[in-house]
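1. Can you look at this prediction? I've put the sequence above it.
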Amino acid sequence: EDDLGDDRIKCALCGTDNKLVFMIENKLNGIRLNVGSTCINEFGIRINERGKTIAEYRRLSDRIRRKVMLGRGISEPSVIDKWDTTSRYPIIIPRGIREPFDKLGAEFQEICNKFITKKCGPEVFAKLNQALETRKKYLLQFNDYVTNNENKPFIITREYYDWAKINFPKDAIDAKTWIARMEQSGVIDWGIGAHLAHEKFAASLIRPLNLGLAKIRAQIVKFDRNNKLFKVLLPQEGNIVLDSSFCDIVQNFGGSIFKPGYEQDTSLEKLVQTAKVAEHSSIDRVILRIGERIKASGFHFDQKDASLDDLIIYRPDIDKYVKDNPFRFANAFLWSALSDKKSVNVDSILDYIKALPGR
């Protein structure tokens, strides 16, 4: 772009004299032409590497120039682009505390945009500088909040908050609900805790959860972060290991952790209802126990083939063998394997076996 002052130059397209001309180069043959601003507008020619029209170029230039003027007129120019810097804190600032700060930030940004788009003049600088002084006071309050709360138990850290935004339930409504609760309170309550399957947080719950699980002779031995579940050992049941989801364990056995003195109804049956056996050794132990339950009926498992992918079961009523997936079978009757022999409904197990395909 070349402003010639009082001098003028002919446009290569229309032949008229122009005060404002652009040097246009054909990148294919290297030919350069002087084109006046009138033709640039008329033919919609795009200029510079971003391919903008002259009108767009002028608007952008005006915005940049106005933004520079704005930066020179206020005490902290960097705030024009970033009002909220609270992400630097190790814990989140609850919405109830930060609400006036956010509202002031929205007003500040609106005034900045109005100045940049020529909807107001330098008279707004005083108001903007006053907002910046108020912002400093809010940030000092936030600093005090962090100092007084960052070491308290169940405070929501920035690490937990950022993890939750990615890993909370994929259903948009549920995710937004839990994130909103985190933002509102800044503290992990029972509901938030049951969804916060963050490895560090889960590890912090193992000891207090085990105090409650000891009543039913169960013990958490590990947290599986990939599947978001606890490995629960049953020492009194032949060291069978259950896979129980993080959410189920915290909801069913974590009440007293978040509500001191809260008495929660806990039982082994409640644990087993939402758990699975997945490890081969635990599946084998469960199947062995089920075999003991149905032994008197004449039905039995072929131990010789127990190591194969299929569980082989003999049916004396038709003198044939049937098969099933060991994982599916063990989990279908997990409670039958762990409950008292006398209370087991053997008929339901036999009916299941009779419905399996024969071979």
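-> Perfect, thanks for sending it.
2. for the chain, which spans come out with low pLDDT?
-> Within the chain, the stretches with pLDDT under 70 are 1-9, 11-28, 33-55, 57-58, 171-173, 303-308, 358-359.
3. residue nearest the centroid of it?
-> The C-alpha lying nearest the average C-alpha coordinate of the chain belongs to residue 166 (Cα atoms, centre = their mean; 1.8 Å).
4. Let me know the helix or strand that that one is in.
-> Per DSSP states H and E, residue 166 falls inside helix 158-167.
5. Show me what the helix or strand that that helix is followed by packs onto, helices and strands only.
-> If you walk from helix 158-167 toward the C-terminus, the next helix or strand you reach (DSSP H and E) is helix 172-185. With contacts taken as 3 or more Cβ pairs under 8 Å, 6 or more residues apart in numbering; DSSP states H and E, helix 172-185 sits against helix 95-116, helix 158-167, helix 190-195. Using the backbone N, CA and C atoms, a C-beta is placed for each residue, glycine as well.
6. export those to CSV and tack on distance to residue 60?
-> Formatted as CSV, these follow (distance: least, Cβ to Cβ, whole Å):
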stretch, distance to residue 60
helix 95-116, 11
helix 158-167, 33
helix 190-195, 45
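7. which of those is buried the deepest?
-> Sort these by mean neighbour count, taking mean count of other Cβ atoms under 10 Å, and helix 190-195 sits at the top with a mean of 19.
8. Packing partners of it?
-> helix 172-185, helix 246-253, helix 255-258.
9. let's see it at 6 Å
-> If you count contacts as 3 or more Cβ pairs under 6 Å, 6 or more residues apart in numbering; DSSP states H and E, helix 190-195 packs onto helix 246-253.
10. what comes up buried for the helix it packs on?
-> By 16 or more other Cβ atoms under 10 Å, the buried positions in helix 246-253 come out as 246, 247, 248, 249, 250, 251, 252, 253.
11. Next: stretch 325-342.
-> For stretch 325-342, a neighbour-count test (16+ other Cβ under 10 Å) marks 326, 327, 329, 330, 331, 333, 334, 336, 337, 338, 339 as buried.
12. Sort out for me which of those are in helices.
-> 326, 327, 329, 330, 331, 334, 336, 337, 338 (DSSP state H).
13. how close does the second one get to residue 351?
-> The gap separating residue 327 from residue 351 is 20 Å, by Cβ to Cβ, to the nearest Å.
14. now do the last one
-> Here residue 338 is placed at a distance of 20 Å from residue 351 (Cβ to Cβ).
15. May I ask you to name the longest helix in the chain?
-> Criterion DSSP H: the longest helix present in the chain is helix 125-149.
16. Show me the contact partners of it.
-> The contact list for helix 125-149 (Cβ atoms under 6 Å, 6 or more residues apart in numbering) reads 73, 74, 75, 76, 89, 91, 93, 101, 104, 108, 155.
17. Stretch 61-74 too?
-> Against stretch 61-74 from outside (Cβ under 6 Å, 6+ apart): 77, 115, 116, 122, 125, 128, 129.
18. Might you quantify the distance of that stretch from its chain's geometric centre?
-> Stretch 61-74 sits 38 Å away from the centroid of its parent chain (Cα atoms, centre = their mean, to the nearest Å).
19. Going by neighbour count, list what's buried in that stretch.
-> Here stretch 61-74 shows 67, 70, 74 as buried, counting by 16+ other Cβ under 10 Å.
20. and if you look at stretch 273-286?
-> Within stretch 273-286, the residues that qualify as buried are 275, 276, 277, 278, 282, 283, 284, 285, 286, counting by 16+ other Cβ under 10 Å.
21. could you measure the closest residue to the fourth one other than its chain neighbours against residue 125, distance?
-> It refers to residue 278. Excluding the flanking residues, the one nearest residue 278 by Cβ to Cβ, 6 or more residues apart in numbering is residue 243, at 4.9 Å. Separation of residue 243 from residue 125 (Cβ to Cβ) stands at 63 Å.
22. Thanks a lot, see you next time.
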